[in-house]
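Peer 1: Test case, fold it:
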Amino acid sequence: ILLRSLREGHDSSERREAAEWLTRSESLEIVYWKEYAPASGWFSRPSPGADAVADALILALKDPSPEVRGPAAVSLSTYPEAAKRAVPALIALLSDQEIYDVMWSNHTGGYRTVNGDAVLALSRLHEAADESLAALLKKLRLDPEFANVERLAFAIADLAPHSKHPAKYLNELLESQHPELAIIPLARAGKESHAAIPKLQALAENVQAEWIRDDARCAIAVVDPDGQPEAIKFIRGKLEGEVDPGTCRFLAAVGQPALFAVPVLRKQLLLQGSRDHLNHDVMSVLAAIGLDAVSAAPQIIDSLDSQYSFYLDDCEAALRRFGPGVVPMLVDALRNPGKSPLTRISCLRVLESLGPKASDAVPVIIKQLDSEYPRVREAASKALGMIGSRPDESLPALDRLLLDRRSLVRAAAANSCGRFGLHAKPVVPQLINALSDDYLDVRTSAAFALGQLGALAAEATPQLTELSRSQNVLLRECASGALQKIRQPGTSDVPR
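Peer 2: Numbering: from 1, shown residues only. As a prediction, the model looks like this:
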């Protein structure tokens, strides 16, 4: 219906609507300034109809109405498998300056043009980066008055890292009227950008805007950390004492090439109290560096107790980025009796996110099930389920927690039992008892777990059948789903 509307709709608004609805929204969080595209959940990859949709959108780029051509270009950017066919058609739209939408707020106004949407689409089709970059740079050189020149420069900066020779394109961007947009991508390219150092030095010395000068100095240090002692000294000065958030944001955007800054960042994590907001900036850099910054994990763990609650997610995100190498440090923290419940919960959540890679932590996680704090017991239960290993140790402990005095712990334990597949057969009687628990979340978690066991949970059929008639829609759906899995042969989870 949508394809027919796009091809044959008599009204341009109908064709535009069809083009917007054909967006494959999984690849973009924001399309057309809406929180989610209308087609949320459609055309998940791989999709048998994707080629037909992409071809229809390419054809729509020649629609008589600009309000169809623009949205069709943006929607087309969500079909990367069609990049080789789409990019030439999108490049042809770079000369299409028609305005088709005007937007106003209380303070500012703006408008959308077809070529602006074409630039946006090209920047997202990384599979044909070199072809797109050549066209975008040509447009930047020959048409300096291009209405969307900033978007053009941003697109070049976004695409360059996906090309075969990123430094080549970024050097050209350095010579444009927006050289500042090339600084961070050049730094991300690391030593490949060595030839750009003279131009970066010129920016660091001659540009009036202080933030551009600072970014250029930081980039020089990142591109050549061994040969630029003055630039390294500059960054250390920005990180010591009162940390400069702007420098942290730059290094976070650069990522792994900023590894040289880790020793200074580790010292900053030891600061407490009113400096928590600075620690937050530091952790964003360590998270961006990733695996190579694992040496800072002990400092992050030690700083957990001093963080405001809304910064804990940033701490955990950094620890997750360090990968399995952080497991021994998390285990040491859990063994330390002086660690607070909040720190223990954060450590357990990180171990949960690592899944089977954290199997060495199972014994110490099981000990957390005896904590006097229910949230710690809940987090430990969830971690055991997601790790899913050592069932001979984990399942007896979880079985015991199905009788915990707190419902949130019983629910977490039931849910985790279902993740052990064939090994969870011994806990089926206790899960059946949990189906009659006083709390809804425990009953639904038990139904989910029994469904995960498939035919192994056949003895739960009478209780689940009764719950499938419940007036509560959540409980009814959980029970019905479990019955369906139990009745289908071969549906029990394979143990990890």
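Peer 1: What's the local residue count around Ala449?
Peer 2: Neighbour count of Ala449, defined by other CB atoms under 10 Å: 29. In this view, the C-beta of every residue, glycine as well, is placed from N, C-alpha and C.
Peer 1: got a list of what the residue nearest to it when sequence neighbours are not counted touches?
Peer 2: Leaving aside its sequence neighbours, Ala449 sits nearest to Gly418 (CB to CB, 6 or more residues apart in numbering; 2.9 Å). Contact analysis of Gly418 by CB atoms under 8 Å, 6 or more residues apart in numbering lists Gly385, Ala424, Leu431, Phe448, Ala449, Leu450, Gly451, Gln452, Leu453, Asp493.
Peer 1: rerun at 7 Å
Peer 2: For Gly418, the contact set (CB atoms under 7 Å, 6 or more residues apart in numbering) comprises Ala424, Phe448, Ala449, Gln452, Leu453.
Peer 1: same check, this time on Leu369
Peer 2: Arg377, Ala380, Ser381, Ala397, Leu401.
Peer 1: okay, these in JSON lines with pLDDT and neighbour count next?
Peer 2: JSON lines is the format used below for the contacts of Leu369 (pLDDT from 0 to 100; neighbours: other CB atoms under 10 Å):
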{"residue": "Arg377", "pLDDT": "95", "neighbour count": "24"}
{"residue": "Ala380", "pLDDT": "95", "neighbour count": "32"}
{"residue": "Ser381", "pLDDT": "94", "neighbour count": "31"}
{"residue": "Ala397", "pLDDT": "92", "neighbour count": "20"}
{"residue": "Leu401", "pLDDT": "92", "neighbour count": "23"}
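Peer 1: ok, so of these, who is nearest Pro80?
Peer 2: Closest approach to Pro80 among the contacts of Leu369 (CB to CB): Ser381, at 39.7 Å.
Peer 1: Dihedrals phi and psi, Arg112?
Peer 2: Geometry field for Arg112 lists phi and psi as phi -110, psi 130, criterion degrees, to the nearest 10.
Peer 1: so how far is Leu348 from the residue nearest to Arg335 when sequence neighbours are not counted?
Peer 2: Leaving out its chain neighbours, the residue that sits closest to Arg335 by CB to CB, 6+ apart is Val364, at 6.0 Å. To Leu348, Val364 is 10 Å away according to CB to CB, to the nearest Å.
Peer 1: May I have the predicted confidence score for the residue nearest to Ala449?
Peer 2: Gly418 is assigned a pLDDT of 87 by the prediction.
Peer 1: doesn't it fall inside a helix?
Peer 2: Yes: secondary structure of Gly418 (DSSP: H, G, I helix; E, B strand; the rest coil): part of a helix.
Peer 1: measure it to Ala397 for me?
Peer 2: Separation of Gly418 from Ala397 (CB to CB) stands at 15 Å.
Peer 1: again, but for Asp158
Peer 2: Distance, Asp158 to Ala397, by CB to CB: 48 Å.
Peer 1: now do Ala293
Peer 2: From Ala293 over to Ala397 (counting by CB to CB), the distance is 33 Å.
Peer 1: what's the answer for Ala216, then?
Peer 2: For Ala216, the distance to Ala397 - CB to CB - is 56 Å.
Peer 1: Same question for Lys191.
Peer 2: Distance, Lys191 to Ala397, using CB to CB: 50 Å.
Peer 1: try Val102
Peer 2: Val102 is 62 Å from Ala397, by CB to CB.
Peer 1: on that earlier part again, can you tell me which of the contacts of Leu369 is nearest Lys168?
Peer 2: Set against Lys168, the nearest of the contacts of Leu369 by CB to CB is Ala380 (52.1 Å).
Peer 1: For the residue nearest to the closest one when sequence neighbours are not counted, grab the count of nearby residues.
Peer 2: Of all residues not flanking Ala380 in the chain, Gln368 sits nearest, at 3.9 Å (CB to CB, 6+ apart). Residues near Gln368, counting by other CB under 10 Å, number 24.
Peer 1: who touches Gln368 in this structure?
Peer 2: Neighbours of Gln368 in contact, by CB under 7 Å, 6+ apart: Leu334, Arg344, Leu348, Val376, Ala380.
Peer 1: Leu57 reaches Trp21, doesn't it?
Peer 2: No: between Leu57 and Trp21 there is no contact under CB atoms under 7 Å: 11.3 Å.
Peer 1: more crowded one of the two?
Peer 2: Using other CB under 10 Å, the more surrounded residue of Leu57 and Trp21 is Leu57, with 29 against 18.
Peer 1: Just want the phi and psi numbers for the more buried one.
Peer 2: According to degrees, to the nearest 10, Leu57 has phi -70, psi -40.
Peer 1: any idea how far it lies from Lys382?
Peer 2: Going from Leu57 to Lys382 by CB to CB gives 42 Å.
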